[in-house]
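J.: Everything below, folded, please.
(one chain, ligands or ions: 1)
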Amino acid sequence: MSTEAGWKEASWEEASQESVAAPDPAGFAHPDTVAVLAGRRSGGAELAPALFPTTTFRIPSLEVGQRMALDPSESHYYTRNGNPTVAAFEEAMAELEGAEASRAFASGMGAVSCVILGLCSAGDHIVAQRQLYSGTQFLLQAVCPRFGIDVTLVDGTEPGAFQAAVRPGRTMLVFAESPANPRLDLVDLEELGAIQGPLTAVDSTFAPPSITRPLDYGVDLSLHSATKGLGGHNDATLGVVSGSAELIASLWGFAVLQGANAAPFDAMNGLRGLRTLGVRLERQSATAQQLAEALFDHSGVESVRYPGLASHPQHDLAQRQMRMFGGLLAFDLAGGNEAGERFVEAVKLAQVATSLGGPETLVTHPASTTHAGLTPEELAAAGIGPGTIRVSVGLEHGDDVVADLVHAADKATAEFA
Ligand SMILES: *Cc1c(COP(=O)(O)O)cnc(C)c1O
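T.: Residues are numbered from 1 along each chain as shown. I've put the predicted structure just below:
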């Protein structure tokens, strides 16, 4: 080894030792600070996430390899089991959620289906709420019965409804979503966390950890479609589940077999997204509040659903369990289906697309798109009216967003208001 190479090696070692002394996120109470600091433990001195696209790793010996194959926390054995880039995202999420451990998935539905099918067996019973993301609803109503898993759906906004549906000794899982699709209904997390016996899980996609941390309320598992607000840039399809180390380890075996592991590239984008989580949610929440108030006063708008409005039926609960009210809202236009269709044709800044939590303001008219096949009764049961519009507020200037949507509401309802 030449002297120069020796010097280079020494300075690299020094640099990587310095990285060990990076600020410890555990010392900070604000999730926005944790989001900037977390998920750097295993890295070198780099500030941005390092991408490990490798599918596999050299093992030191057969004996060690055998141990690595069975270790849920091993990130240097085979990427379907674990991967360093994915582990950095998982560490950051665990830190943010106040959890012992997290497991990342190829999508939000990967996370949801692993929790439901990984924890429940034939003969088990699940209590879930009626207000759910359509994929989760389909899994519970069409897939679970095929495997002999019984599902009871309750109104998640009704006090005591989850507890009342629990069958002692048979209910394995109580599954909630808060705020829920599509009308921003809330579940009382304190009440949910107090349920004894079955495991409790919350899909908290609409309320990332800067807004709500379900585990603080005694809930066992917090789930996210990180495709949405956590990733925040519409460039990562990703899911994540957080909870006790024991529970995450018990899900791990099924997750490895299910093969819905997060791709390293998506985990890298997810971790990059987390760094700006706090400011993005602040801007989106501020604009959504401004928009909700403007629409509330609009003569062509029949009703507005936003947790930050005093008119939201659970506004008190929202104030108790949400630090901000988020970027999602729903409203009903006078003039039904025709007004809804005109509205999405009239927007200029907002874009018509499925998904939420990204930089672009997105609008959907469920009755003519995602839920077009449903009868009026089925639509009503899903909380969707013919004139319902769902908005995911983006990062554009609030005044521009409000002007665009108010103008579209003017045009859509001119003859109905
Ligand atoms: C989008 C979404 C999911 C599914 O996530 P994917 O990443 O699309 O698989 C689950 N739950 C909620 C609340 C969602 O909004």
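J.: hang on, isn't Leu277 packed against Gly231?
T.: No - Leu277 is not in contact with Gly231 according to Cβ atoms under 8 Å; the separation is 9.7 Å. For glycine as for every other residue, the C-beta is placed from the backbone atoms N, C-alpha and C.
J.: what's across from Ala104 in the sheet?
T.: Using DSSP bridges, the bridge partners assigned to Ala104 are Val240.
J.: Please report how far it lies from the ligand.
T.: With the distance defined as Cβ to the nearest ligand atom, to the nearest Å, Ala104 ends up 11 Å from the ligand.
J.: Next: Val154.
T.: Counting by Cβ to the nearest ligand atom, the gap between Val154 and the ligand amounts to 18 Å.
J.: List the contacts of that residue.
T.: Residues counted as contacts of Val154 (Cβ atoms under 8 Å, 6 or more residues apart in numbering) are 127-130, 161-162, 164-165.
J.: what about 7 Å?
T.: 127, 129-130, 161-162, 165 (Cβ atoms under 7 Å, 6 or more residues apart in numbering).
J.: With Ala288 instead?
T.: Listed by Cβ under 7 Å, 6+ apart, the contact set of Ala288 reads 306, 325-329, 393.
J.: Just want the phi and psi numbers for His76.
T.: Comment: the main-chain dihedrals of His76 come out as phi -130, psi 40, following degrees, to the nearest 10.
J.: Pull the CA coordinates from stretch 62-72 and hand them back as PDB.
T.: What follows is stretch 62-72 as a C-alpha-only set of coordinates in PDB (Å, rounded to 0.1, in the frame of the first residue of the first chain):
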ATOM      1  CA  LEU A  62     -22.400 -20.500   6.300                       C
ATOM      2  CA  GLU A  63     -23.000 -20.500  10.000                       C
ATOM      3  CA  VAL A  64     -23.500 -16.700  10.200                       C
ATOM      4  CA  GLY A  65     -25.500 -16.800   7.000                       C
ATOM      5  CA  GLN A  66     -28.000 -19.200   8.600                       C
ATOM      6  CA  ARG A  67     -28.400 -16.800  11.500                       C
ATOM      7  CA  MET A  68     -28.800 -13.800   9.200                       C
ATOM      8  CA  ALA A  69     -31.500 -15.600   7.200                       C
ATOM      9  CA  LEU A  70     -33.700 -15.800  10.300                       C
ATOM     10  CA  ASP A  71     -33.100 -12.400  11.800                       C
ATOM     11  CA  PRO A  72     -35.900  -9.800  11.200                       C
END
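J.: Adjust the sequence numbering to begin at 34 for everything that follows.
T.: With the count now opening at 34, the last piece we talked about shows up as stretch 95-105.
J.: got TSV for the contacts of Ala321, with pLDDT, secondary structure and neighbour count too?
T.: As requested, these are arranged in TSV below (pLDDT from 0 to 100; DSSP: H, G, I helix; E, B strand; the rest coil; neighbours: other Cβ atoms under 10 Å):
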residue	pLDDT	secondary structure	neighbour count
Tyr339	98	coil	28
Phe358	98	coil	26
Gly359	98	coil	29
Gly360	98	coil	31
Leu361	98	strand	27
Leu362	98	strand	27
Val426	98	coil	31
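J.: Arg100: which of those is nearest?
T.: Distance to Arg100, by Cβ to Cβ, is smallest for Gly359 among those, at 43.2 Å.
J.: And that closest one, how far from Ala321?
T.: As judged by Cβ to Cβ, to the nearest Å, Gly359 and Ala321 stand 7 Å apart.
J.: what do you get for Met126?
T.: 24 Å.
J.: Equivalent analysis for Arg163, please.
T.: As it turns out, when the distance is counted by Cβ to Cβ, Arg163 lies 24 Å from Ala321.
J.: and if you look at Ala209?
T.: Per Cβ to Cβ, Ala209 is found 22 Å from Ala321.
J.: Gly360 too?
T.: In this structure, Gly360 and Ala321 are 5 Å apart, going by Cβ to Cβ.
J.: Can you check which residues contact both of these two?
T.: Taking Cβ under 7 Å, 6+ apart as the contact criterion, the common neighbours of Gly360 and Ala321 are Val426.
J.: After the longest helix seen in the chain, which helix or strand is next?
T.: In the chain, taking DSSP state H as the definition, the longest helix is helix 310-329. Past helix 310-329, heading to the C-terminal end, the next element that is a helix or strand (DSSP states H and E) is strand 334-338.
J.: residues near Asp236, how many?
T.: Look at Asp236: counted by other Cβ atoms under 10 Å, it has 31 neighbours.
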